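Undergrad: Just need the structure, nothing else, for what follows:
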Amino acid sequence: MNKYHTTVSRRDFLKALGLGGAGAAFSGVLPAGDLPQVRDLDEVLASPEAEVERPSWVKEVDRPSAEIDWHSFNRFDYREVMFVRGFEKAMGPNNIARLRSSGQENTRSWITQQRPGFTLRDYALYQSTAAYAFPGISFLGHRRTPTPQMLGVPRWEGTFEENARMVRAVMKIMGADEVAFVELDHNTEKLFYTYDVDGKGISISNTGDPSEGDKFRVIPKRFRWVIVYTVKMSYELVKRFPSWASGATAYLGYAQGPFLQDRFQDFIRTLGYTCLGECRPNAMGTSTGFAVMGGLGEMCRIEHTITPKRGLSHRVFKMVTDLPLAPTRPINTGVMDFCRTCKKCAEVCPVKAISTDTEPTWEIPGPWKRPGVKGWFKRDPLCYSYWLQTGTACGYCLAVCPLNRYQSSSYFNNMRSTISRTSALNVTFRRIDDLLGWGARTNYESFWDLEMSPYGWD
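TA: This next block holds a predicted model:
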């Protein structure tokens, strides 16, 4: 396939990404010394960031480790999930008002008592990140950069594989940690919600161009590829869940993901294609579903995505595009089998919201879940009630998970390699995790004395 390449300066290349040059706008993603030395997209394609980084023990498979019944799995109204209307339907407005009042009183009391993890400076960090979690992102993008037609040049043309390498490299330059691709078909289209959080219906139709109105968003059928990507969370903060400071790393992720979406939509526009994004993280389609189908990771007992690289210390986002991309395949690294025997998250959950059953089930706990997936389902009303009382996301289950440890340690790699091949030592690995005291950290205040890397990433 013929390709059009344009040689541009480093500064002009960054401008084409929608970042306004190598100065102020890009400095929020990478330190100046880390800016990529690139002259054209050939160098992007050849960069290390374009490679898929996976340990040798990761196995690609045809079907994900969590069973899916595509006949009973259908598109779902996002407004019915727990964090939108589901919680009010499950608990009632009076109980919600009581829980919120309890949370406000706890906030005042814990700050006054200087409770570890819930001091005034913890609260200030949490509020300063949560307040700006969802910047002005757009379904269609803000379309600030020129198109090939405006420049008087042909659009970029590459093979599916070349395009995938390019997208992965550029998204990593912009701050993504891992990137995967899902090709849409009759089944995977069902991972999109029927309604967005703002009440706009999401339709997938044979129309020519994407569109948006007061009550609708349209994804054309020719948009066949979903880009799924993660943004890191800080291990140092994750292992201090639940605390207000720990909540900051979750909400920073929810700020960085949309930041990336906004810039990447302009990058794709200048190549001659379109990328459709979320108006709020998680609201266009199921993040776990797309992550699992794209092979970023596997679903676990708490219904989140465990990746080989970061465990649970990440946030997942997605976009859909008409740029042809080589899809990535689901993986199986033994996560489901490990969750069968571990149950550590369920045992330590403060409100017993996590299933202790050994085997996953097809039975959903309430209308805030869609049927069609065989898994372990949280009792979300209990979970979210605890959030309201503590004034932040709990996250205790993330902190104690034996698969959510520093990935650079030789022990962790040996453990993950072993459980990917056999479940015989799963109970032993759980016991070692307990004996070594890994998991939730009670010394919350030590965080304030750490020399942290940017964003707390490690």
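Undergrad: In the protein, which residue is most central in space?
TA: The residue lying closest to the centre of the chain (Cα atoms, centre = their mean) is residue 316, at 0.9 Å.
Undergrad: Dihedrals phi and psi, it?
TA: Here is the backbone geometry of residue 316 (degrees, to the nearest 10): phi -110, psi 140.
Undergrad: ok, now the one 4 residues further on?
TA: Per-residue torsions, residue 320: phi -130, psi 140 (degrees, to the nearest 10).
Undergrad: That one against residue 226, yeah?
TA: Yes: contact status for residue 320 versus residue 226: in contact at 5.0 Å, counting by Cβ atoms under 8 Å. The C-beta positions use only the backbone N, C-alpha and C, and glycine is treated the same way.
Undergrad: what touches both of those two?
TA: Common contact partners of residue 320 and residue 226 (Cβ atoms under 8 Å, 6 or more residues apart in numbering): residue 184.
Undergrad: Could you measure from the residue nearest to residue 76 when sequence neighbours are not counted over to residue 306?
TA: Closest residue in space to residue 76, ignoring its immediate chain neighbours: residue 370 at 4.1 Å, by Cβ to Cβ, 6 or more residues apart in numbering. Using Cβ to Cβ, to the nearest Å, residue 370 is found at 21 Å from residue 306.
Undergrad: neighbour count winner among these two?
TA: Higher neighbour count among residue 370 and residue 306: residue 306, with 27 against 19, using other Cβ atoms under 10 Å.
Undergrad: Mind listing the strands the helix or strand the more buried one falls within pairs with, and their directions?
TA: Secondary structure from DSSP states H and E places residue 306 in strand 305-306. Partners of strand 305-306 in the sheet, by DSSP bridges, are strand 298-299 (antiparallel).
Undergrad: Confirm that residue 218 lies within a strand, as I assumed.
TA: Yes: per DSSP: H, G, I helix; E, B strand; the rest coil, residue 218 lies within a strand segment.
Undergrad: which ones are touching it?
TA: Going by Cβ under 8 Å, 6+ apart, residue 218 touches 203-205, 207, 210-212.
Undergrad: same thing but at 7 Å, please
TA: By Cβ atoms under 7 Å, 6 or more residues apart in numbering, the residues touching residue 218 are 203, 205, 207, 210-211.
Undergrad: Could you do residue 304 as well?
TA: Contacts of residue 304 by Cβ under 7 Å, 6+ apart are 288, 312.
Undergrad: Pull up the gap between it and residue 243, please.
TA: Distance of residue 304 to residue 243, given as Cβ to Cβ: 19 Å.
Undergrad: can you give me the helices in the stretch 351-458 of the chain?
TA: Under the criterion DSSP state H, counting those that start in this stretch, the stretch 351-458 of the chain contains helices at 380-390, 396-400, 410-421, 426-435.
Undergrad: Pick the most buried one from the ones you listed.
TA: Neighbour counts (mean count of other Cβ atoms under 10 Å) averaged over each of these peak at helix 396-400, with a mean of 23.
Undergrad: Send me that one as PDB with only the CA atoms.
TA: In PDB, the C-alpha atoms belonging to helix 396-400 read as follows (Å, rounded to 0.1, in the frame of the first residue of the first chain):
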ATOM      1  CA  TYR A 396      -8.900  -1.800  49.700                       C
ATOM      2  CA  CYS A 397      -9.400  -4.700  47.300                       C
ATOM      3  CA  LEU A 398      -6.700  -3.200  45.000                       C
ATOM      4  CA  ALA A 399      -4.300  -2.700  47.900                       C
ATOM      5  CA  VAL A 400      -4.400  -6.300  49.100                       C
END
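Undergrad: Point out the other elements, helices or strands, that that helix touches.
TA: Using 3 or more Cβ pairs under 7 Å, 6 or more residues apart in numbering; DSSP states H and E as the contact criterion, the elements in contact with helix 396-400 are helix 344-348.
Undergrad: buried residues in the helix it packs on?
TA: Neighbour counts over helix 344-348 (16 or more other Cβ atoms under 10 Å) mark 344-346 as buried.
Undergrad: Which helix runs longest in this protein?
TA: Of all segments of type helix in the chain, defined using DSSP state H, the longest is helix 244-271.
Undergrad: Tell me the strands beside the very next helix or strand once past it, with direction?
TA: Heading C-terminal from helix 244-271, the first helix or strand you meet, by DSSP H and E, is strand 275-276. Sheet pairing of strand 275-276 (DSSP bridges) gives strand 314-321 (antiparallel).
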